[in-house]
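Undergrad: Build the 3D model from these lines:
(2 chains)
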Protein chains: 2
Amino acid sequence: MILTVTLNAALDVSYDVDVVTPGASHRVRGVRARAGGKGINVARILHGFGHEVLVTGLAGGATGDAIRTDLAAAGLPESLTSIAAESRRTVSVVSRSTGEATLLNEPGPPVDAAEWGRLLDDVATLARTAAVVVLSGSLPPGVPRDAYAYLVRVARAGGALSIVDADGAALTDSLSAQPDAVKPNAAELVAASGINDPAAAAAWLLSNGARAVIATFGAAGIAALTPAGSWRAWLETRISPVNPTGAGDACTAAVAAGLAGGLPWPEILITAAAWSAAAVLTPVAGDVDAADVTRLLPQVRVEESHAARIDR
Amino acid sequence: MILTVTLNAALDVSYDVDVVTPGASHRVRGVRARAGGKGINVARILHGFGHEVLVTGLAGGATGDAIRTDLAAAGLPESLTSIAAESRRTVSVVSRSTGEATLLNEPGPPVDAAEWGRLLDDVATLARTAAVVVLSGSLPPGVPRDAYAYLVRVARAGGALSIVDADGAALTDSLSAQPDAVKPNAAELVAASGINDPAAAAAWLLSNGARAVIATFGAAGIAALTPAGSWRAWLETRISPVNPTGAGDACTAAVAAGLAGGLPWPEILITAAAWSAAAVLTPVAGDVDAADVTRLLPQVRVEESHAARIDR
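TA: I've put the predicted structure just below:
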């Protein structure tokens, strides 16, 4: 089982309007809502490919209830830890005329020490039956800055591997616990390390605790930097992205599936590149069409990149 | 007791952002939510002035629960009829830099025939202890177009007077039941009657069934057109509006209070002009500060307008 932890779970709401005009009153023509947050998106993708998953994290209030209801409707099992405050919503206002999305992201709900303690206990229990624990996304207020370091240790104590997909301090402060993989994109590499060169930044993350760095570079592909070697995978053909959001979650999902199955890094990268490319072809962030993956897989190239190899 | 009926009750959510930029991602810095919809706003104003009120209408889903919770927190008693679908939200995105509000109005929840029947039964019961029934706002999908005609008759059967504050067909189709008052603004007068001159449009509403037409004209004041005479009330001094939304609801509330108290039209208009003027001085739509009303009341002038008098 792959356990995904979403500390800042959200209800992702989408509004269809004719066109977004600041200062105007808009009739919303369509409303859709579904459970979101990066960890939940990862679980949804894995579930779509037949992997056994379990969703945990923090959820509260009526919005938390709506998140649980949507997970149940999607067939995604959950064991979310309840908090008193209301879970956040994200609102994506999509102009029908242009397809352009205007995003409104509510702040995360405040989490108190007792709630954080319960989450740690719950993850400790759930990790005992997990092969991999995925730690994705931002931290709500009140959660310690090194929350992911705690959770990596809890996962390891339960016998599970861990993947951190986070930004800034949430990523940097996880390194002390030596996560089995971290999955930054180019901007996150630079932000976390303070090093402007993404390759050097990836090496910095590796030498500062990450056991593997899986770095995503959009159309340029995905690189894996590990003590055992470095590889890069990319799509040989050009595709026309529909919605680039969600490619990172698809990559994280593929890495989780690969680690759970004990696959070698080059094979994991091939799957990750195909799932990520398929993710950008669907309009809804985080949706991956299996037919796209089947079509794209033969077009993925992978090679060992000796230059970037790190020995330590 | 004054019963307010809000068929399209809403949770009014307010988001603070730095500035609204179409196509951008916005961090929402503050979130506030409260129960809304015109009838609920009217009840809130009346309650603030010490009038006994009861909120009814239709509410469903988690958003319906949030509406009920907020009403309870505000001390507003409610007897909302439950529906299966989720009540709507309105989102007001306020730019901190300019104060400009961008509104996103979700469509109302679909209402089925059985739910509409239950609402009619509930209003029939509640109207028996009401002096005035206020029928405010838009109709959710599934409710008959002449919903307010039904409700005016149900109110009258219960021994209550009725006020309709609605737009377009919802207003026009209420007239057959001879509501005791209708409260259009200038645009609504024109839209409902198809007559471009507001005074002629008001006369049209009166001759087509309304027992009184209370027409609001912004800074130009409020006119009452009745078979017994016509009056106009206005504020002699200039005020600087902070938020014009909610002035109409304040007027409706004053008319409801006046009818409940059996006051003559000139006195009702004086109160309505003062409450409406006070409403535009507060940043939150529908809030009225009693101190503003005390200060503004002596500045209201009222006169009989013989020219507009209608005999029938």
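
Undergrad: which stretches of the stretch 101-250 of chain A form strands?
TA: For the stretch 101-250 of chain A, the strands defined by DSSP state E, counting those that start in this stretch occupy A:101-105, A:132-136, A:161-165, A:181-182, A:213-216, A:222-226, A:229-235.

Undergrad: Compare these and report which one is nearest to chain B.
TA: Smallest distance to chain B across the strands of the stretch 101-250 of chain A (Cβ to the nearest Cβ): 4.1 Å, for strand A:101-105. The C-beta positions use only the backbone N, C-alpha and C, and glycine is treated the same way.

Undergrad: touching chain B at all, that closest one?
TA: Yes: judged by Cβ under 8 Å from any Cβ of the partner chain, strand A:101-105 comes into contact with chain B at A:101-105.

Undergrad: can I get those in TSV with distance to B:Pro22?
TA: Listed next are the residues of strand A:101-105 next to chain B as TSV, based on distance: Cβ to Cβ, whole Å:
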residue	distance to B:Pro22
A:Ala101	9
A:Thr102	5
A:Leu103	11
A:Leu104	12
A:Asn105	16
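
Undergrad: quick one: average pLDDT of stretch A:182-198?
TA: Across stretch A:182-198, pLDDT averages out at 95.

Undergrad: Can you tell me what sits against that stretch?
TA: By Cβ atoms under 8 Å, 6 or more residues apart in numbering or on different chains, the residues outside stretch A:182-198 that reach it are A:163-168, A:171-172, A:174-175, A:200-202, A:204-205, A:210, A:212-218, A:248, A:251-252, A:255.

Undergrad: And stretch A:13-29, by the same measure?
TA: Against stretch A:13-29 from outside (Cβ under 8 Å, 6+ apart): A:30-33, A:89-98, A:100, A:102, B:19-23, B:95, B:100-107.

Undergrad: buried sites along it?
TA: By 16 or more other Cβ atoms under 10 Å in any protein chain shown, the buried positions in stretch A:13-29 come out as A:13-17, A:20, A:26, A:28.

Undergrad: of all those, which two lie farthest apart?
TA: A:Val13 and A:Val20 (14.9 Å; Cβ to Cβ).

Undergrad: on that earlier part again, out of the residues of strand A:101-105 next to chain B, the closest to B:Arg301 would be?
TA: Using Cβ to Cβ, the residues of strand A:101-105 next to chain B come closest to B:Arg301 at A:Leu104, 44.7 Å.

Undergrad: who's in contact with the closest one?
TA: Counting by Cβ under 8 Å, 6+ apart, A:Leu104 touches A:90-93, B:15, B:17, B:26, B:28, B:91, B:93.

Undergrad: Most widely separated two among those residues?
TA: Using Cβ to Cβ for every pair in the contacts of A:Leu104, the one that comes out farthest apart is A:Ser92 and B:Val17, at 14.3 Å.

Undergrad: So what's the residue count around the residue nearest to A:Thr125 when sequence neighbours are not counted?
TA: In space, and not counting its chain neighbours, A:Thr125 is closest to A:Gly158: 7.9 Å by Cβ to Cβ, 6 or more residues apart in numbering or on different chains. By other Cβ atoms under 10 Å in any protein chain shown, 18 other residues sit near A:Gly158.
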